[in-house]
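1. no FASTA, just this:
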């Protein structure tokens, strides 16, 4: 390695030029070499509108670079003999359950930490969701995998949420409190915290930005506390430089983590996807919260982070004892990679590569895919078709046991879906298929409605999970809410007489469930369906529809069966 203090000629101008090229308002950079911080500087603006400049103490969201803190917390527990990497998660969290029974029984903390659960991302399940960390954990059992357990690396934030929850449970506290006491404090990370709510209470923090239609605009902070162990930490380059020193085995922080645990964290567990393939970056693997990837023949360990309005990258080379932290306030930017690779080129005495030029093409391709620019679905569009029902018939609340509720409404003559507080317009495509526009990116996807055997719209399918082999997320229409109202249900109780004199008794049990009793037959539970109709549980094709008179009072009911309809008058 060349003398690090002599390799910065033209570098600051290069940073500003690249920030302009990538339209990044502000960036902070820390470089560690031989246990010393040889650079800690801010560039550009933390608040573009007010022209407030970034400095080394400015706090940014680090996004998924948080994951390495979560695994370090797990390693602390392993050092103390309180957790084993290869014991089933269920031994620490008895309530843990996945869709796949084999994965439920065998998945370990190591599996959580190296993304080999078999689950695709399912990010729309938690993103902007009202669910607590405990509720997200409970709903994991309803998320379908698209790969066999341990068959493939698939990035998965919910498994990291689970890893953090496990850490807090084993430690007898919370993930946040454990990381604060056992990592932040001994590393003197005094400005670091776990929530954008706390970040905004500081005197020095960066505002989040995104590029839209060629312009840079400020966007709201995104609170992701529920999945905090996967990406909610906020920090500055002063604090993060100490974090890098720990990873490089600095004697200044000896004793925080054992040498064996550091090696465990940095050891490959499974091959994984790289940012992009190049001869300088030929292969990539994932350890425990870190990617392990050779860079131009040098052993490099790194992890990036992206959350609304921020992009980061933490990288180090253990054999050369050098490390880099790049924090920016631009959404989904490759600038951290461009700057990191350039710094390594300089410190290693290598010819500088035009990483900006290479990654520009990659960025454009990713953006086109996200916005659906390359989608070829229009090729199969059937012209001249119409929805099978009046648009108002599609309105209602639909539910998935994992994802929660999605609402369809008719507004100004068009349908709109609302999910996790995001409003997403629906535009007719063909038959009962509609294009849905995602609020955050403007990307479009094809969604579809289906009807049940009685002809009523009953399901709404959305490809929220785009991974290969992943199924569409199917939301089932919920019955009208009044069918769960005890006061309304009480109005339906009573005796009803069929034309042949048979008497049917409708009663309310448990204050929320109607039951039907007929002579010489078992009692039947009535399951809410829609309007005034209930399905007869465990009898396919059988239902009961209550009928009201002109005054609104229930005057009778009608048994609907495969062999006909049979009216009964209220006694």
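-> Done, it's in. Just so we're clear, the structure is a prediction, and the values are computed from it rather than from any experiment.
2. mind checking the longest strand of this structure?
-> Ranked by residue count, the top strand of the chain under DSSP state E comes out as strand 36-47.
3. Check the average confidence over that one, would you?
-> For strand 36-47, the mean per-residue pLDDT is 98.
4. Check which residues of that strand are buried.
-> Of the residues in strand 36-47, 37, 38, 39, 40, 41, 42, 43, 44, 45, 46, 47 count as buried by neighbour count, 16 or more other CB atoms under 10 Å. Backbone N, C-alpha and C define where each C-beta goes, glycine included.
5. Could you do stretch 182-201 as well?
-> Using 16+ other CB under 10 Å as the test for burial, stretch 182-201 gives 182-184, 187, 189, 191-196, 198-199.
6. Could you do stretch 74-83 as well?
-> Buried positions in stretch 74-83, judged by neighbour count with 16+ other CB under 10 Å: 74, 75, 76, 77, 78, 83.
7. Distance from it to the middle of the chain?
-> Using CA atoms, centre = their mean, to the nearest Å, the mean C-alpha position of stretch 74-83 is found 27 Å from that of the whole chain.
8. now the end-to-end length of that stretch.
-> For stretch 74-83, the first-to-last residue distance is 7 Å (CA to CA, to the nearest Å).
9. for stretch 254-268, same thing?
-> The first and last residues of stretch 254-268 sit 23 Å apart, counting by CA to CA.
10. tell me which strands and helices the longest strand of the chain is in contact with?
-> For strand 36-47, the packing partners by 3 or more CB pairs under 8 Å, 6 or more residues apart in numbering; DSSP states H and E come out as helix 11-21, strand 26-33, strand 52-53, helix 237-247.
11. who does that strand pair up with?
-> Taking DSSP bridges as the criterion, strand 36-47 sits next to strand 26-33 (antiparallel), strand 52-53 (antiparallel) in its sheet.
12. relative to helix 11-21, how tilted is it?
-> Put simply, strand 36-47 runs at 30 degrees to helix 11-21, going by axes from the mean of the first three to the mean of the last three CA atoms, to 10 degrees.
13. could we number from 647 for the rest of this?
-> Shifting the count to begin at 647 puts that one at strand 682-693.
14. which residues sit against strand 682-693?
-> The set of residues that contact strand 682-693 without belonging to it, under CB atoms under 8 Å, 6 or more residues apart in numbering, is 650-651, 654, 658, 661-662, 665, 670-678, 697-702, 704, 850-853, 883-884, 887, 975.
15. Quick one: low-confidence residue ranges for the stretch 647-796 of the chain.
-> Counting by pLDDT under 70, the stretch 647-796 of the chain has low-confidence residues at 647-653.
16. before we move on, the earlier item: hmm, which two among the buried residues of strand 682-693 are most spread apart?
-> Pairwise distances across the buried residues of strand 682-693 (CB to CB) peak at 27.8 Å, for the pair 684 and 693.
17. Quick check: buried residues in stretch 663-670?
-> In stretch 663-670, the ones that count as buried by 16+ other CB under 10 Å are 664, 665, 668, 670.
18. And for stretch 1149-1169?
-> Under the neighbour-count rule (16+ other CB under 10 Å), stretch 1149-1169 has 1150, 1152, 1154, 1159, 1160, 1161, 1162 buried.
19. Stretch 879-893 now?
-> Of all the residues in stretch 879-893, those buried under the rule 16+ other CB under 10 Å are 879-893.
20. of those residues, closest to residue 862?
-> Taking CB to CB as the measure, residue 880 is the one of these closest to residue 862, at 20.9 Å.
21. Please name the nearest non-neighbouring residue to the residue nearest the centre of the chain.
-> Most central residue of the chain, judged by C-alpha distance to the mean C-alpha position with CA atoms, centre = their mean, is residue 769 at 2.6 Å. Take residue 769 and drop its neighbours on the chain: the residue closest to it by CB to CB, 6 or more residues apart in numbering is residue 803, 6.2 Å away.
22. And that neighbour, how far from residue 677?
-> Relative to residue 677, residue 803 is positioned 29 Å away (criterion: CB to CB, to the nearest Å).
23. Which one of the two is surrounded by more residues?
-> Ranked by neighbour count (other CB atoms under 10 Å), residue 803 and residue 677 place residue 677 first, with 27 against 22.
24. The residue nearest to that one when sequence neighbours are not counted and residue 1209, how far apart?
-> In space, residue 677 comes closest to residue 685 once its chain neighbours are excluded; the distance is 4.1 Å by CB to CB, 6+ apart. Residue 685 sits at a distance of 83 Å from residue 1209 (criterion: CB to CB).
25. Correct me if wrong: residue 938 contacts residue 930.
-> Yes: with contact taken as CB atoms under 8 Å, residue 938 and residue 930 are classed as touching, separated by 7.3 Å.
26. List the residues that contact residue 1217.
-> 1140, 1141, 1142, 1143, 1149.
27. Check residue 979 too.
-> Residue 979 is in contact with 668, 670, 957, counting by CB under 8 Å, 6+ apart.
28. Report pLDDT for it.
-> Among the per-residue scores, residue 979 shows a pLDDT of 96.
29. repeat for residue 1014
-> At residue 1014 the predicted local distance difference test score is 60.
30. Least confident secondary structure element in the protein?
-> With mean pLDDT, DSSP states H and E as the measure, the helix or strand of the chain carrying the lowest mean pLDDT is helix 1001-1017 (a mean of 76).
31. Would you tell me what the next helix or strand after it is?
-> Toward the C-terminus, helix 1001-1017 is succeeded by strand 1042-1046 as the next helix or strand (DSSP states H and E).
32. The helix or strand following that next one pairs with which strands?
-> Downstream of strand 1042-1046, the first helix or strand assigned by DSSP H and E is strand 1050-1057. Sheet pairing for strand 1050-1057, assigned by DSSP bridges, gives strand 1042-1046 (antiparallel), strand 1060-1065 (antiparallel).
33. which of the residues in whichever helix or strand comes after the last one are buried?
-> Past strand 1060-1065, heading to the C-terminal end, the next element that is a helix or strand (DSSP H and E) is strand 1068-1076. For strand 1068-1076, burial by neighbour count (16+ other CB under 10 Å) applies to 1070, 1071, 1072, 1075, 1076.
34. try stretch 747-759
-> Burial within stretch 747-759, assessed by neighbour count using 16+ other CB under 10 Å, is assigned to 749, 750, 753, 754, 755, 756, 757, 758, 759.
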